[in-house]
Structure formats: structure tokens, C-alpha cells
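Dropping the sequence and predicted coords here.
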Amino acid sequence: DRHREILLDCEDIPRLREALRLGGGIRTYVAVGPIDEGTLLLAGGDLDLEALGILGLADGDELDRALGAVVQEALASLADDRKNPRLFVRPLWLRYELERTRCQRC
């Protein structure tokens, strides 16, 4: 598995937006609810980027930092809907596990 699925309380969305903004747009600067500091937000789940013109991303695909503003807009839409979103993330510890696994195959 290259990502984890989490359910975020809609009350935490404003804090997540701020944590992502401080972390460069797609990585959290601080922990928010079930999301650890340094976690990378990924495409998919309830994060509807297609509605904002971003096409071709599959669930769990990495987002480019240039999409930070689009991610903010998508999260704002989720907050407006008062919906607890299902998001795909990659915590730092999972990234290290993936790198370690790749090195072991070499």
C-alpha cells in the first residue's frame, strides 16, 4: 500500500488547510486530527480535483506543489458541505518504509 485512507472530521478542515498552507500546499506542517505532521495529501477520496479542472489523477497519486491553491479550494468546498471527508494521505513513516523496501530490492 502506497497510501492510507483517513476520515477527517469536517471541523478539522480549517486547521488542515492552514497546516497545508504552512507546509507548502500539499504536506502538513503540524498534526491535525488523525493526520500527523509531515503527512503528504494525495489525490482521490472526497478531494474532488476534477471539479476544479485537474484531470487524470488516480486515487493515491502524488500531487504537485503547484496544485496547492486548487487543493485549498477543494478543501474549502468540503468544509462548506459540512461533510466528513475521506482523504488519501502518505505519512512520513510510510514514505520511509517504501524507500527502505525499494533499497532492499536493489
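Right, received. Where do you want to start?

For Ile54, grab the count of nearby residues.
17 (other C-beta atoms under 10 Å). In short, each C-beta sits where N, CA and C put it, glycine included.

hmm, I was thinking of Leu40
Leu40: 20 surrounding residues under other C-beta under 10 Å.

The residue lying closest to it once chain neighbours are set aside and Arg15: what is the separation?
Nearest residue to Leu40, sequence neighbours excluded (C-beta to C-beta, 6 or more residues apart in numbering): Arg90, at 4.4 Å. Separation of Arg90 from Arg15 (C-beta to C-beta, to the nearest Å) stands at 19 Å.

and the residue nearest to Leu40, what pLDDT?
Confidence at Arg90, expressed as pLDDT, is 93.

what's the answer for Trp93, then?
What the model reports for Trp93 is a pLDDT of 74.

what's near enough to touch it?
Shown in contact with Trp93 (C-beta atoms under 8 Å, 6 or more residues apart in numbering): Asp36.

That one belongs to a strand?
No - using DSSP: H, G, I helix; E, B strand; the rest coil, the assignment for Trp93 is helix, not a strand.

any idea how far it lies from Glu37?
11 Å.

And for Ser77?
From Ser77 over to Glu37 the distance is 25 Å, taken as C-beta to C-beta.

Helix or strand: which one has the residue most central in space within the chain?
For the chain, the residue nearest the mean C-alpha position is Leu41 (1.6 Å; C-alpha atoms, centre = their mean). In this assignment (DSSP states H and E), Leu41 forms part of strand 40-42.

got a list of contacts for that strand?
Residues outside strand 40-42 that contact it (C-beta under 8 Å, 6+ apart): 3, 20, 26-28, 47, 59-63, 71, 87-91, 95.

In a helix, Asn78, correct?
Not quite, residue 78 is Leu, not Asn. Yes - with three-state DSSP as the criterion, Leu78 is part of a helix.
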